[in-house]
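1. I need the structure of the sequence given here:
(chains A and B)
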Amino acid sequence: MLCMWLMEWGLCHMDLISHAYIQDEEFVKLILSSGDFFPGFYRFTMGDRNEEEGQLTIPGLIASTFGEGRSKEDWLDFTKKRLEQSNIRSRERSDDEVYKLISDKYTNWMFNADKYDIAVIEIDNGVDEIVPDQSYFLMGSLIRFTSTEFLIGYDLLRDTATLRIPIDFNKIKEYCHTIYGDNLKDFFLPADLIATVDVNSGVVDMTEDTIARAMVAHSNSVLIASNHDVAKGLPIRWAKDILLSDYVY
Amino acid sequence: MFIKDTKDFTSCTITSVNPKGIATVETAQFKKALFPVSTIILYEYLGDVYYPITMEFRLIDNNILFMIKELSINSMDVIFNILESSMEKEEHWSNVFETTVIHLAKMPKFMYKLPKNFDVGEAQHIYELPKHITKR
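-> Numbers count the residues shown, from 1 in each chain, chains lettered A, B, ... in the order given. Here you go, the predicted structure:
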């Protein structure tokens, strides 16, 4: 057992050397234990989320795969406007040096990618039970269950995952219900990576499967982007959003 | 607690690590999780430094890989400056962050390898084999 003992409520001890060699089932349970109504610094809270006027929409994304390519500047016009708003809030920091550092790093992260991956997140469609072969947004990661595996960092467009761990699905499903109960729907939101935009060439990569996935998404869904260049391969890469501009057709 | 077995919504903070590599983990709801010290754990094996994926998900300091990989911050000192500043701005709380590096005898599981140029900075070092501890 990783947690060796409970001394009192809110406190335990953990053997960090054993933790380096954690068993598969414990690892999966630990990841699934991460659901929290407060997502932490530099993460957005899904409950506060709504589509913003001018951000990329599902119809706009699909149209962009068939329409004329547009410039990087056009893709990132909405992103630029949002960054200007968030900069006002960040200036509340008392430490000017830290403010400037974060501002520079964020700007670079948001604007200097060659490719952006795009995920659809069904923010008002949390599930009452988890099922195999469906992906969920959980705490900034896209996870997926199959009948025999738990996938972290799942990418529907490429059918890849950052990690694949063998599981007994029914056992894990029961575990999720034990620790989330009726709150399962607050944390397990149907979601998938459905597109990649090359903002230099203007090419939007979607497959028949991901177009179909986008078209059956709940009416209140949002599209968020991730900097493909630096974030691909990370287990959590959707915790902080980049919003691209809508495609007007 | 690190692995939940009942319905509760709390975040974990590692507040200390003893010389044998036993961490004290405190849990609290996010807004109440204000501790004076927060410890970040890194693992080292054959010269490579790793961050545990479990901690990116489960700890309250759950943004280490975001800052290293996505924001391209290559120093733990800089990360700590940002985290301490954020804690002060968002929670009006002053705390300090520390690093413990566990040097392993075998390849660890479920870890993310950090870039070669990542500067770990000042840290407590704990060795799986032989069992001794040094401070640099």
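
2. Give me the residue at the spatial middle of chain B.
-> With distances taken as C-alpha atoms, centre = their mean, residue B:40 lies nearest the centre of chain B, 1.7 Å away.

3. If we ignore the residues flanking it in sequence, what's nearest that one?
-> residue B:99 (5.2 Å; C-beta to C-beta, 6 or more residues apart in numbering or on different chains). (Each C-beta comes from the backbone N, C-alpha and C, glycine too.)

4. Could you check the lengthiest helix in chain B against chain A for contacts?
-> Longest helix in chain B, counting residues (DSSP state H): helix B:76-91. Yes: Helix B:76-91 lies within reach of chain A by C-beta under 8 Å from any C-beta of the partner chain, at B:78, B:81, B:82, B:83, B:85, B:86, B:87, B:88, B:89, B:90.

5. one step back: could you pull up the residues touching the residue nearest to the centre of chain B?
-> With contact set as C-beta atoms under 8 Å, 6 or more residues apart in numbering or on different chains, residue B:40 has these partners: B:14, B:55, B:61, B:64, B:76, B:79, B:97, B:98, B:99, B:100.

6. Neighbour count and pLDDT added to these, as JSON lines?
-> As requested, those are exported to JSON lines (neighbours: other C-beta atoms under 10 Å in any protein chain shown; pLDDT from 0 to 100):
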{"residue": "B:14", "neighbour count": "24", "pLDDT": "94"}
{"residue": "B:55", "neighbour count": "24", "pLDDT": "94"}
{"residue": "B:61", "neighbour count": "23", "pLDDT": "70"}
{"residue": "B:64", "neighbour count": "22", "pLDDT": "94"}
{"residue": "B:76", "neighbour count": "25", "pLDDT": "97"}
{"residue": "B:79", "neighbour count": "23", "pLDDT": "95"}
{"residue": "B:97", "neighbour count": "18", "pLDDT": "94"}
{"residue": "B:98", "neighbour count": "18", "pLDDT": "96"}
{"residue": "B:99", "neighbour count": "19", "pLDDT": "97"}
{"residue": "B:100", "neighbour count": "21", "pLDDT": "98"}
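
7. So which of those are in strands?
-> B:14, B:97, B:98, B:99, B:100 (DSSP state E).

8. Read off the pLDDT value for the spatially closest residue to residue A:121 that is not a sequence neighbour.
-> The spatial neighbour of residue A:121 that comes closest, neighbours along the chain excluded (C-beta to C-beta, 6+ apart), is residue A:191 at 4.2 Å. pLDDT for residue A:191: 97.

9. and residue A:191, how many residues sit next to it?
-> 30 (other C-beta atoms under 10 Å in any protein chain shown).

10. now do residue A:225
-> Other residues close to residue A:225 by other C-beta under 10 Å number 27.

11. which phi and psi does it have?
-> With angles defined as degrees, to the nearest 10, residue A:225 sits at phi -110, psi 160.

12. now residue B:50
-> Dihedral angles (degrees, to the nearest 10) for residue B:50: phi -130, psi 150.

13. Make sure it is actually in contact with residue B:43.
-> Yes: shown here, residue B:50 and residue B:43 form a contact pair, counting by C-beta atoms under 8 Å, at 4.5 Å.

14. Quick check: neighbours shared by these two?
-> B:108, B:111.

15. In chain A, where's the longest strand?
-> Criterion DSSP E: the longest strand present in chain A is strand A:189-198.

16. Can I get it in CSV? Just the C-alpha atoms.
-> Extracted C-alpha coordinates of strand A:189-198, given in CSV (Å, rounded to 0.1, in the frame of the first residue of the first chain):
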residue,chain,number,x,y,z
LEU,A,189,-17.4,15.2,-19.9
PRO,A,190,-17.5,13.5,-23.3
ALA,A,191,-14.6,15.0,-25.3
ASP,A,192,-12.2,14.2,-28.2
LEU,A,193,-9.3,15.6,-30.1
ILE,A,194,-10.9,16.1,-33.5
ALA,A,195,-8.6,18.3,-35.6
THR,A,196,-5.2,19.7,-36.2
VAL,A,197,-4.7,23.1,-37.8
ASP,A,198,-1.4,23.9,-39.5
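
17. could you say what helices and strands it packs with?
-> On a contact count with 3 or more C-beta pairs under 8 Å, 6 or more residues apart in numbering or on different chains; DSSP states H and E, strand A:189-198 meets helix A:58-66, strand A:115-121, strand A:134-138, strand A:141-145, strand A:204-205, helix A:208-215.
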